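[1] here's my sequence, what's the structure:
(2 chains)
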Protein chains: 2
Amino acid sequence: TWRHTFAKIGEDWIFLALLGSIMALLSYIMDYGVSLCNTARMWMYFELTTHLAVRYLIWICLPVFLVLFSAGFVYLIAPQAIGSGIPEMKTILRGVVLKEYLTFRTGIAKIVALTAVLGSGMPLGKEGPLVHIASIVATLMSKLVTSFKGIYENESRNSEMLAAACAVGVSCNFAAPIGGVLFSIEVTSVYFAIRNYWRGFFSAVFGALMFRLLAYWLETEETLTAMFRTDFRVDFPYDPHELFIYALIGAFGGLSGALFVLCHRKYVLFMRKNKRISSFLQKNRFIYPAVVSLFIATLYFPPGLGQFLVSTLTTRQQIMSLFSNFTWMSDDLTTEQSAIVSQWTNEYSNIFVTLGIYMATTFFLTVLASTLPVPSGSLIPIFKIGAAFGRIIGEAMHLWFPEGIRIGSIISPILPGGYAIVGAAAFSAGVTHSISICVVVSEMTGQIQHIIPVLVAVLVSNAISTLLQPSLYDSIIMIKK
Amino acid sequence: TWRHTFAKIGEDWIFLALLGSIMALLSYIMDYGVSLCNTARMWMYFELTTHLAVRYLIWICLPVFLVLFSAGFVYLIAPQAIGSGIPEMKTILRGVVLKEYLTFRTGIAKIVALTAVLGSGMPLGKEGPLVHIASIVATLMSKLVTSFKGIYENESRNSEMLAAACAVGVSCNFAAPIGGVLFSIEVTSVYFAIRNYWRGFFSAVFGALMFRLLAYWLETEETLTAMFRTDFRVDFPYDPHELFIYALIGAFGGLSGALFVLCHRKYVLFMRKNKRISSFLQKNRFIYPAVVSLFIATLYFPPGLGQFLVSTLTTRQQIMSLFSNFTWMSDDLTTEQSAIVSQWTNEYSNIFVTLGIYMATTFFLTVLASTLPVPSGSLIPIFKIGAAFGRIIGEAMHLWFPEGIRIGSIISPILPGGYAIVGAAAFSAGVTHSISICVVVSEMTGQIQHIIPVLVAVLVSNAISTLLQPSLYDSIIMIKK
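    Next up, the predicted model:
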């Protein structure tokens, strides 16, 4: 039996390594597709014409087309690909069988449609769909192995592999091998067997290595060291008195996280209960995605409300600037810094107004966009909303204590970028009810100094949101029941 | 019932917050006692005399006295306080009742004796005893609450609180709230309920805050931002080709970790099976601790073998210099850097020989010291051994590739400090069979850039050591059965 065990373990290793590498490759290709769409759209908008009406048509046509393409593709190929994937995987890992959910067909639909949706610039993310795709890849690979070996099916091994696949999915999304594994355990499991701990890590590491190698081979700049690298170089990154503010940010994150979950569920249930609307939309499947994407794209139109929504920046650029390590309200900014701040101000508003509008609008548009019948996650927009809130508080703190907070002989300067990180983590925790988001944030930013503020805010946020609402994933499970 | 649940949750929070704060306070007081002993010993050694024989007597008398005091104190007050605490807590959390293990008496014995042992400079740590002490504090606090409330005992609540206590114990030891919680879950649990996840974090955060506040109140320099802060400022902290080396360090860590566990168990079983030795030692309880501590202190005597063991530096200084962010073999060192390197060289040897002797001697002395009948952990010395090995490999890599590794247009310089971190994590993982040690290491150093190399080494080390030997904690459980 020892030899048998060894053979099985060896096989598992190869399996997990392959799973991680394939997922990294898929994620890389999808990112490439998304960035192509973004570049094309910005080029068309800025270079083709200066006529406002034509510009508007150009601005809206690609998003509406991509969303419609995505909705149609999913509808024709595999309607199971609609939505996130985390709630469904949680259900499957509890032992429920969802029909046709982990097939090749569904996988193709999800990959293609997700790339199109993300390319459209809707406020959506990809963490849930990547979990779904990774689970599909793992299932297909399992079947391949099984068909080679004749009848050799093992229920518990299957669910171990699916759990590892969920971990890989999240890790690939965040470029955070450790946080991703922990996050996937938290959001998909109820009880967890420690002996399976290593599988997710092993696979996630191979994913991370694959990313790194791809960056070398294709000679691009991006690597998997840190997604939104920050650079806070201080010995005392926070002061005990600031912890009250961090706890307040956590409380706000918990409240607004619960509000997000509530809004999402109420809206979905309202649309479903209203017989006339739902039967009309059932018959005319493309009306709803067309109207919603047109509405969202119109709001994002740069000369209009878009100037408050920084809509000419990519999501990555938005988060990088929210996390940036300088005080936007400072008097002496370098040219580069002024360029960043100028994105967040315009003739009608200062940064506080812009950030406030950005936050509120993104909140409601994310709720709206997440009801589109396409593959979608919502963690990245949630992250943006939280980061904007944190930046507001951080800049306000700077106005209040321009010299920093002095205790005894030590002066702790205010780091608004640190507040942005805390805000992002707190709001994400409020929506997902996860503590491991603080590890995800550390890995994303490549810095772990802010771990105590982040942990304080995340715990407060969790405590409040858990009292008020289920997590977004449990809420979706409730809706689907 | 809602009101009842809320009251219970509220009570839990206060309980966990108090537990964390008390443990931080205890840990702080113990650290203070240990540093007093160290300072006193170094002062007596350096300042009192220059006569070699007298110096030797001064050098050995305090350690031998402290170890004998510790052994005697534990023997008289509570023999249950001997040893680590993690294996016992693992047994208790599985449902076994260990008599008199979580009493006030045992707690006092463990706290006092542990401080004495650590002050003696024996190659021992405190992560296991802190877990034990935290569990005792939690149990005593539980009893206090229960006695207020009449009969209100709850089996499952008790074990939840003990699990949280284990987390706090590890977190206090490493100054690593997240890694500590994960590590404690890994080493004490088999199955883990996700809904209890937050307890450990909550309590650990309060511990961390307490540490921070103590630092303010007492105006000391030390805070809980990072225990062994490193400062690697590079965009590409590692190169894909170096990962093979990291994997090899992991393999070595796994092999030597298994060897450590094997040596420890064989030695304990040998001493026990040999009837004449064991009955002699049983009758003369102080012979063994006296002989062993005298032997170890003699080996550490600075003019003798001690000059290869850097024995005039504290453990913290040793690890800080092993992790230091400069190349020891470099030609142009600053004065400060030369001072650090000069500790690791002498007229008979270069750094490679010193580090090799340091590594091998610490390995065997740690096995020996961990059999003393006193409270003791062995993770910190294991950490030192691993760090020394990593530093050797890192410096050798620098000799091999003095310009760094070039691929295409990018040159990655070799960072020997990074290798030391990887080595420390790999060897610790080999001994404890834990993956979360990589989070612990990130929090300890305050940097997360090296997470992929660390994770690679830790996974390889785990895979190899798991095949060869049980973990140190499971091995101790086997011995005690």
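[2] strands of chain A, start to end?
    Secondary structure of chain A (DSSP state E): strands at A:191-193, A:405-407, A:410-412.
[3] need the contact list for the spatially closest residue to residue A:134 that is not a sequence neighbour.
    Counting by CB to CB, 6 or more residues apart in numbering or on different chains, the nearest residue to residue A:134 once its immediate chain neighbours are dropped is residue A:169, at 3.6 Å. Every residue, glycine included, has its C-beta placed from N, CA and C. Listed by CB atoms under 8 Å, 6 or more residues apart in numbering or on different chains, the contact set of residue A:169 reads A:23, A:85, A:127, A:130, A:131, A:132, A:133, A:134, A:135, A:180, A:184.
[4] and residue A:169, how far is that from residue A:136?
    10 Å (CB to CB, to the nearest Å).
[5] what does the average pLDDT come to for stretch A:282-289?
    Mean per-residue pLDDT for stretch A:282-289: 86.
[6] burial measure for the residue of the stretch 251-400 of chain A found nearest chain B, as a count.
    Of all residues in the stretch 251-400 of chain A, residue A:254 sits closest to chain B, at 12.7 Å by CB to the nearest CB. Residues near residue A:254, counting by other CB atoms under 10 Å in any protein chain shown, number 29.
[7] residue A:312 now?
    15.
[8] do residue A:90 as well
    The burial count for residue A:90: 21, using other CB under 10 Å.
[9] ok, residue A:131 touching residue A:83?
    No. Taking contacts as CB atoms under 8 Å, residue A:131 lies outside contact range of residue A:83: 11.4 Å.
[10] between these two, who's got more neighbours?
    In this view residue A:131 and residue A:83 are compared by other CB under 10 Å, and residue A:131 has more residues nearby, 31 against 24.
[11] gap between the more buried one and residue A:193?
    Residue A:131 is 19 Å from residue A:193, by CB to CB.
[12] show me what contacts the residue nearest to residue A:72 when sequence neighbours are not counted?
    In this structure, residue A:72 finds its nearest non-sequential neighbour in residue A:286, 7.0 Å apart by CB to CB, 6+ apart. Residue A:286 makes contacts with A:68, A:71, A:72, as judged by CB under 8 Å, 6+ apart.
[13] quick check: the gap between residue A:286 and residue B:170.
    For residue A:286 relative to residue B:170 (CB to CB), the value is 56 Å.
[14] next: residue A:451.
    Distance from residue A:451 to residue B:170, by CB to CB: 16 Å.
[15] beta-bridge partners for the residue of the stretch 51-200 of chain A found nearest chain B, please?
    Nearest residue of the stretch 51-200 of chain A to chain B: residue A:192, at 4.7 Å (CB to the nearest CB). As for beta bridges, residue A:192 partners with residue B:192 under DSSP bridges.
[16] so how many other residues sit close to it?
    Other residues close to residue A:192 by other CB under 10 Å number 19.
[17] quick check, it in contact with residue B:195.
    No. Judged on CB under 8 Å, residue A:192 makes no contact with residue B:195 at a distance of 10.8 Å.
[18] of the contacts of residue A:286, grab the buried ones for ChimeraX.
    For the buried members of those, the matching ChimeraX selection, counting by 16 or more other CB atoms under 10 Å in any protein chain shown, is:
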select /A:68,71,72
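[19] now render the contacts of residue A:286 as CSV, adding pLDDT and distance to residue A:355.
    Formatted as CSV, the contacts of residue A:286 follow (pLDDT from 0 to 100; distance: CB to CB, whole Å):
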residue, pLDDT, distance to residue A:355
A:68, 94, 32
A:71, 93, 32
A:72, 93, 36
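[20] now do the contacts for the residue in the stretch 351-481 of chain A that chain B sits nearest to.
    Residue nearest to chain B within the stretch 351-481 of chain A: residue A:448 (4.7 Å; CB to the nearest CB). Taking CB under 8 Å, 6+ apart as the criterion, residue A:448 is in contact with A:442, B:226, B:442, B:443, B:446, B:447, B:448.
[21] for residue A:343, see how far away it is.
    Counting by CB to CB - residue A:448 and residue A:343 are separated by 28 Å.
[22] my understanding was that the residue of the stretch 251-400 of chain A closest to chain B contacts residue A:459; is that so?
    No. Using CB under 8 Å, residue A:254 is not in contact with residue A:459, being 9.6 Å away.
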